[in-house]
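Colleague: I'd like to go over a predicted model; first the sequence, then the structure.
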Amino acid sequence: EAQVTQNPRYLITVTGKKLTVTCSQNMNHEYMSWYRQDPGLGLRQIYYSMNVEVTDKGDVPEGYKVSRKEKRNFPLILESPSPNQTSLYFCASTRAGRGNEQFFGPGTRLTVL
Amino acid sequence: DAKTTQPNSMESNEEEPVHLPCNHSTISGTDYIHWYRQLPSQGPEYVIHGLTSNVNNRMASLAIAEDRKSSTLILHRATLRDAAVYYCIRPGGTSYGKLTFGQGTILTVHP
């Protein structure tokens, strides 16, 4: 089954404790993205990757890092989480080219105390 | 900026057609129009996309105006499961993996 998986699905942590949210896709997609969703602000892109070792900032990259060492994986790293990073996070992937649909993961709900 | 404009909310009755409008007046000639929806407590899911002509798939139809400055997503027979936030998106930037989500339209379906 074609899918995007994220782990963990729920996470409660404390300020400053480094964490990684994993994302994996099994569709051999070139493009992968991370979004965060906050009430009243909709979905905003954090980072995206066009292929292995190629990443770029989205609209709200501050406080986040990403890496793309393998085509299937695109982890989101919070080196020093803060309470304003409490949010619902979605990973997505799509094939290269115009007009292709994006596949979204189930979401990771992060709470930073 | 890849901006689209949608009504904040719409309501429908079950088994009736629903027409969800979207304005994208600054669209360029090569921009696709994408529609996604987000069911409660789930990630967004793709609905349909098109470039110039009307498009149909198993979920919905997409009617694109001749000048491409607006489009309408058509759900032919709304079901309770179609209650969701619907996003009209014009992929922005040089990376086609980037989707800029607006506030979307909250669709309520009444039994």
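Modeller: Happy to help now that I have it.

Colleague: Give me the phi and psi for A:Asn51.
Modeller: phi -180, psi -180 (degrees, to the nearest 10).

Colleague: for the residue lying closest to it once chain neighbours are set aside, what are its contacts?
Modeller: The spatially closest residue to A:Asn51, leaving aside those adjacent along the chain, is A:Glu30, at 5.0 Å (CB to CB, 6 or more residues apart in numbering or on different chains). In short, each C-beta sits where N, CA and C put it, glycine included. Shown in contact with A:Glu30 (CB atoms under 8 Å, 6 or more residues apart in numbering or on different chains): A:Met50, A:Asn51, A:Lys71, A:Thr94, A:Arg95, A:Ala96, B:Gly97.

Colleague: quick one: A:Glu30 from B:Asp31, how far?
Modeller: As judged by CB to CB, to the nearest Å, A:Glu30 and B:Asp31 stand 20 Å apart.

Colleague: Does anything pack onto the host helix or strand of B:Thr72? Which helices or strands?
Modeller: Here B:Thr72, judged by DSSP states H and E, is contained in strand B:70-75. In this structure, strand B:70-75 packs against strand B:18-23, strand B:45-50, strand B:61-64, strand B:84-89, with contacts taken as 3 or more CB pairs under 8 Å, 6 or more residues apart in numbering or on different chains; DSSP states H and E.

Colleague: secondary structure element for the nearest residue to A:Asn73 once chain neighbours are set aside?
Modeller: Distance criterion CB to CB, 6+ apart; nearest residue to A:Asn73, sequence neighbours excluded, is A:Ser24 at 5.2 Å. Of the helices and strands defined by DSSP H and E, A:Ser24 is found in strand A:19-25.

Colleague: quick one: contacts of that strand?
Modeller: Counting by CB under 8 Å, 6+ apart, A:3-8, A:11, A:13, A:32, A:34, A:72-78, A:81, A:89, A:91, A:93, A:103, A:105, A:108, A:110 sit against strand A:19-25.

Colleague: And for stretch A:46-53?
Modeller: Surrounding stretch A:46-53, the residues in contact under the criterion CB under 8 Å, 6+ apart are A:30-36, A:55-61, A:64, A:66, A:68-71, A:74, A:76, A:89, A:96, B:95, B:97-98.
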